[in-house]
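Visitor: Have a look; sequence and predicted model below, questions after that.
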Amino acid sequence: MKLFTFKPGGVHPDEMKITKDRPFVRMSVPAVVVVPLSQHIGAPNTPTVKVGDHVKIGQVIGSSTAFVSAPVHATVSGEVIAIEPRPHPLGKNVQAVVIKNDFKDEWFEPPQKRDLDSLTKEDILKIIKEKGIVGMGGATFPTAVKLSPPKGKTIETLIANGAECEPYLTTDYRTMLEFTDKVVDGFLVEMKASGAKQGFIAVEDNKRDAAEKLENRLKERGVKNVEVVLVKTKYPQGGEKQLIKAVIGKEVPAGGLPLDVGVVVQNVGTLKAITEAVLEDKPLIERGTTVSGTAIKNYGNYIIRIGTPVTHIIEQTGGLTKKLRKLIFGGPMMGLAQSTVEVPVIKGTSGILFFGEEALEMAPQDESPCIRCSRCVDHCPMGLMPLLIDHAWRRKDMKLAESLNATDCIECGVCSYVCPSKRHLTENIRSAKQAIIKQRKIEAAKQAAFEKLKALREKQEKEAAEKAKSASPSTEKGGKENG
């Protein structure tokens, strides 16, 4: 296989894939699950149950009428004992449905097998939405929305993302090895739903066995328009824009989306979830997660119910081997540090990493002056100038930061990783992005208000003119009478 990659930039941190040879183990279900109502990018859900209700697995417990949304389902059967704000992996309290498990594992509606040939594109998209499928790589964008391009845009190419370039994480690797058919089935379901004519499954070259297994399965099944390609082991190879550039050579325009070049990128874990939703009638109630790090005893890959608290995971994996100093949801490069072990697993939890004292080396250190070495520029996978955006942020010059394309930053952390002066580049660029986006929203709201006021005034002026015209005598009639 030919080896693809993106240019410029990227780094190759220590992989630390200590769980790569550990197959998935299904973790026991806790006595109480905490299911956040918001587990996706988009409009938050509102509860569809109340305290005291008895719910069953797969029952919708939160939904929204908004287009960009995804419902959440009960992941155990039992009694709703609370609906209240609870800690969320994003670092804030979010409304959640708390269910006391009765350990009966009763389904709301027993799953029914489906045949892809009997389903239309509309059927598939409806099922994907109803089953609450979102991006499982961590972004959690609703999958049905992703496969429904706006008018004027078409999906020409699908790319399955099997890169998994973050250190420690191996859940996608194990998914490709252990659920090969489900990955392939999910890809074919997406091909039918999107109308794409070609597809690629991109796998980093440190996972050649997974790539070969996928390639052999495609050949066995006679699939001609899907190709497995190897991409160089490099971070952030799994970024959407980087993967598109590497595999098909197209560059997503600044401020644009993959759809602007006719592409949809989907995580391999999402493809597995699509297969289970569309062909097996199962909502997204569990996911594969890598549990790893230096402070957890039985690290490995686990299938965990959504809503399972970290406290239960620690208990079920044999406990901690040292004092916990850092807990990260996701990978060490882009993951989010947590302030409590009470947070639950959500749809986007690809990894949970436990670290001891050595984690203090990963914490932000005292900054030194920038020495203009240009490492951040050389390694930026988006071709940006992080040091200048950082400088603009420190000066609170958001116009300058915007002109430097700060909003194109993917927050991969590469600039901070390579900086010899330990500048807090990623953190400051993220803040600049947020400030720019906030200002754009304010300006858009002002413009909308201005247009509304302008339309109102034009309407009033038109009505006044019509009223004045109807009140005045007809000059034509007066002329005839006088004549």
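Guide: That came through fine. Numbering: from 1, shown residues only.
Visitor: Could you use CA atoms for every contact and neighbour count after this?
Guide: OK.
Visitor: Please name the residues that touch D181.
Guide: Applying C-alpha atoms under 8 Å, 6 or more residues apart in numbering, one finds that D181 lies in contact with R217.
Visitor: what about it, which helix or strand?
Guide: Mapping D181 onto the secondary structure by DSSP states H and E places it in helix 180-194.
Visitor: Which parts of the stretch 251-400 of the chain are strands?
Guide: Defined through DSSP state E, counting those that start in this stretch, the strands belonging to the stretch 251-400 of the chain, from first to last, are 263-267, 286-293, 300-305, 326-329, 336-337, 351-355.
Visitor: can you give me the helices in this protein?
Guide: Listed from the start of the chain, the chain has helices (DSSP state H) covering 121-130, 143-146, 171-178, 180-194, 208-220, 240-248, 268-278, 310-316, 375-379, 386-394, 398-403, 414-418, 425-471, 475-482.
Visitor: In TSV, list these along with mean pLDDT and distance to N93.
Guide: Output for the helices of the chain, formatted as TSV (pLDDT from 0 to 100; distance: least, C-alpha to C-alpha, whole Å):
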stretch	mean pLDDT	distance to N93
helix 121-130	97	25
helix 143-146	95	25
helix 171-178	98	27
helix 180-194	97	33
helix 208-220	97	38
helix 240-248	95	29
helix 268-278	98	26
helix 310-316	98	16
helix 375-379	97	34
helix 386-394	96	28
helix 398-403	95	30
helix 414-418	95	28
helix 425-471	91	20
helix 475-482	46	72
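Visitor: Mean neighbour count, those helices: which tops it?
Guide: Most buried of the helices of the chain by mean neighbour count (mean count of other C-alpha atoms under 10 Å) is helix 268-278; its value is a mean of 27.
Visitor: so how far is S292 from the residue nearest the centre of the chain?
Guide: Most central in the chain under C-alpha atoms, centre = their mean is A139, positioned 1.1 Å from the mean C-alpha point. When C-alpha to C-alpha, to the nearest Å is the yardstick, A139 and S292 sit 20 Å from each other.
Visitor: what's the closest of the strands of the stretch 251-400 of the chain to V25?
Guide: Each of the strands of the stretch 251-400 of the chain was scored for nearness to V25 using C-alpha to C-alpha, and the closest is strand 300-305 (4.7 Å).
Visitor: Domain parsing of the protein, as residue ranges.
Guide: The record, using automatic domain parsing to delimit domains, assigns the chain the ranges 3-29+109-286, 367-464.
Visitor: any chance of those domains in CSV, plus distance to V72?
Guide: Conversion of those to CSV gives the following (distance: least, C-alpha to C-alpha, whole Å):
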stretch, distance to V72
domain 3-29+109-286, 6
domain 367-464, 27
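Visitor: P332: which of those domains is closest?
Guide: Taking these one by one with C-alpha to C-alpha, domain 3-29+109-286 is closest: 6.7 Å.
Visitor: Tell me the span between the first and last residue of that closest one.
Guide: With C-alpha to C-alpha as the measure, the ends of domain 3-29+109-286 fall 34 Å from one another.
Visitor: Ok, stretch 121-137 next?
Guide: 24 Å.
Visitor: how many neighbours does the residue nearest to E166 when sequence neighbours are not counted have?
Guide: Here the nearest residue to E166 in space, its sequence neighbours aside, is G331; by C-alpha to C-alpha, 6 or more residues apart in numbering that works out to 5.5 Å. When neighbours are counted by other C-alpha atoms under 10 Å, G331 registers 23.
Visitor: do the same with the one 5 residues further on
Guide: Neighbouring residues of L336 were enumerated by other C-alpha under 10 Å; the total is 16.
Visitor: List the contacts of the residue nearest to the centre of the chain.
Guide: If you count contacts by C-alpha under 8 Å, 6+ apart, A139 has them with H40, I41, G348.
Visitor: per-residue pLDDT, the second one?
Guide: With respect to pLDDT, I41 scores 92.
Visitor: Kindly report the same for the last one.
Guide: Looking at G348, its pLDDT stands at 96.
Visitor: Tell me which residues touch it, please.
Guide: When contacts are taken as C-alpha under 8 Å, 6+ apart, G348 is in contact with Q39, V134, G135, M136, G137, G138, A139, T140.
Visitor: and what of the second one?
Guide: Listed by C-alpha under 8 Å, 6+ apart, the contact partners of I41 are V68, S69, A139, T140, F141, P142.
Visitor: again, but for R423
Guide: The neighbours of R423, taking C-alpha under 8 Å, 6+ apart as the test, are E367, S368, P369, C370, S416.
Visitor: As TSV, the residues you listed with distance to K322 would be great.
Guide: Converted to TSV, the contacts of R423 look like this (distance: C-alpha to C-alpha, whole Å):
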residue	distance to K322
E367	29
S368	32
P369	35
C370	36
S416	28
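Visitor: out of these, which is most surrounded?
Guide: S416 (21 neighbours).
Visitor: residues in contact with it?
Guide: With contacts defined as C-alpha under 8 Å, 6+ apart, S416 is in contact with C376, K422, R423, H424, L425, T426.
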